[in-house]
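**Student:** Got a predicted model here, sequence first, then my questions.
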Amino acid sequence: MMLTDILQGMPAFLLLFIRVVSFFVTVPFFSYRNIPSTAKIGLAFFLAWIMYFTVHPDPIEIDMMFFLLAGKEAFVGLAIGLIAMILIYAVQVAGSFIDLQMGFAIANVFDPQTGIQSPLIGKFLYTFAILFMLSVNAHYLLIDGIFYSYQFIPLESLDIHFGSGSLAELATETFTKMFVIAFQMAVPVVGSLFLVDIALGIVARTVPQVNVFIVGLPLKILVSFAVLIIVLPLFMGLVHELVGDVVSAMRGLMRILGGGG
């Protein structure tokens, strides 16, 4: 009897596993390349196993509908993780704005977590943001998001609702919010460097003997780091608000895909 129950519940468990694995492909923290793939798959397996006894899905047959449901589960997991990652990228966008003004834009570094080139200050701020998110248990909120997604998007249903423009509106709002948060993070340093550029321009006009190109670069770097140290508490406050925005965006996407928004 026990073997029969396991065989009957295996298709539903596989669908749960597909959604969790797809979520781990794009979501922050869990999608980083320096985390072994075996650890990601193992964590996804145990999370899917726990969700199976919590969600209590109906028995599902392995037929053409099962493969359609598998594609739907992969799409849902990727979409929920991607919208969270888009907002987290606001930190690196803010670092790019700062690097452009500091003169560090040409000196990008390879990020082993994401496998792409990252700006220096962006990588610095991103590391602080990740450590802060881990300290406030933001990774638990992400796992809660994929768990409660089954309340909005049932496992047995093949329906995916994109809404009458609701999904495009949510995507536009998410991208806009990402750039607004990045601007808020970068404006203290960028504004200070703008004032430094004005001061250097005045010096170049009044004292032509001073080579502002040689003096300007180290001065701007010094001012940038000084301002960064001063506004770091403000930066952490913005990251704290960013965590709430990530949870709201994930919930909004799940509501739209589930047909409730």
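**Tutor:** Structure's in. What do you need? Given the structure is predicted, the values throughout are model-derived calculations rather than measurements.
**Student:** Give the burial count for residue 198, as a bare number.
**Tutor:** 10 (other CB atoms under 10 Å). For every residue, glycine as well, the C-beta is placed using N, CA and C.
**Student:** Was I right to think residue 82 contacts residue 26?
**Tutor:** Yes: the pair residue 82 / residue 26 is scored as a contact, 4.5 Å apart, by CB atoms under 8 Å.
**Student:** Where does residue 45 fall, secondary structure wise?
**Tutor:** Assigned by DSSP states H and E, residue 45 falls within helix 37-55.
**Student:** and the next element down the chain from that helix?
**Tutor:** helix 64-88.
**Student:** Now do the buried residues in that next one.
**Tutor:** By neighbour count with 16 or more other CB atoms under 10 Å, helix 64-88 contains the buried residues 69-70, 72-74, 76-88.
**Student:** List the buried residues of the helix holding residue 45.
**Tutor:** For helix 37-55, by 16+ other CB under 10 Å, it's 40, 43-44, 47-48, 51-52.
**Student:** And these, which is closest to residue 187?
**Tutor:** Of all the buried residues of helix 37-55, residue 187 sits closest to residue 40, with 36.5 Å by CB to CB.
**Student:** which ones are touching that closest one?
**Tutor:** 21, 24, 30 (CB atoms under 8 Å, 6 or more residues apart in numbering).
**Student:** mind giving me TSV with those and columns for pLDDT and secondary structure?
**Tutor:** Listed next are the contacts of residue 40 as TSV, based on pLDDT from 0 to 100; DSSP: H, G, I helix; E, B strand; the rest coil:
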residue	pLDDT	secondary structure
21	91	helix
24	88	helix
30	81	coil
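**Student:** before we move on, the earlier item: nearest to residue 198, out of the buried residues of helix 37-55: which one, please.
**Tutor:** residue 40 (49.5 Å).
**Student:** Can you give me the separation between that closest one and residue 16?
**Tutor:** Separation of residue 40 from residue 16 (CB to CB, to the nearest Å): 15 Å.
**Student:** repeat for residue 124
**Tutor:** 38 Å.
**Student:** Which of the contacts of residue 40 ranks first by neighbour count?
**Tutor:** That'd be residue 24 among the contacts of residue 40, by other CB under 10 Å, with 24 neighbours.
**Student:** so that one touches residue 31, yeah?
**Tutor:** Yes: counting by CB under 8 Å, residue 31 is a contact partner of residue 24 at 6.2 Å.
**Student:** Which residues are in contact with each of these two?
**Tutor:** Joint contacts of residue 24 and residue 31 (CB under 8 Å, 6+ apart) are residue 81.
**Student:** Against which helices or strands is the helix or strand residue 189 falls within packed?
**Tutor:** Element membership for residue 189 (DSSP H and E) is helix 166-206. On a contact count with 3 or more CB pairs under 8 Å, 6 or more residues apart in numbering; DSSP states H and E, helix 166-206 meets helix 64-88, helix 90-102, helix 212-257.
**Student:** Might you list the low-confidence residue ranges for the protein?
**Tutor:** Judged by pLDDT under 70, the chain has its weakly predicted residues at 1-8, 104-119, 162-165, 260-261.
**Student:** check contacts around the most centrally placed residue in it.
**Tutor:** Residue closest to the average C-alpha location in the chain (CA atoms, centre = their mean): residue 85, at 2.0 Å. By CB under 8 Å, 6+ apart, residue 85 lies in contact with 26-28, 31.
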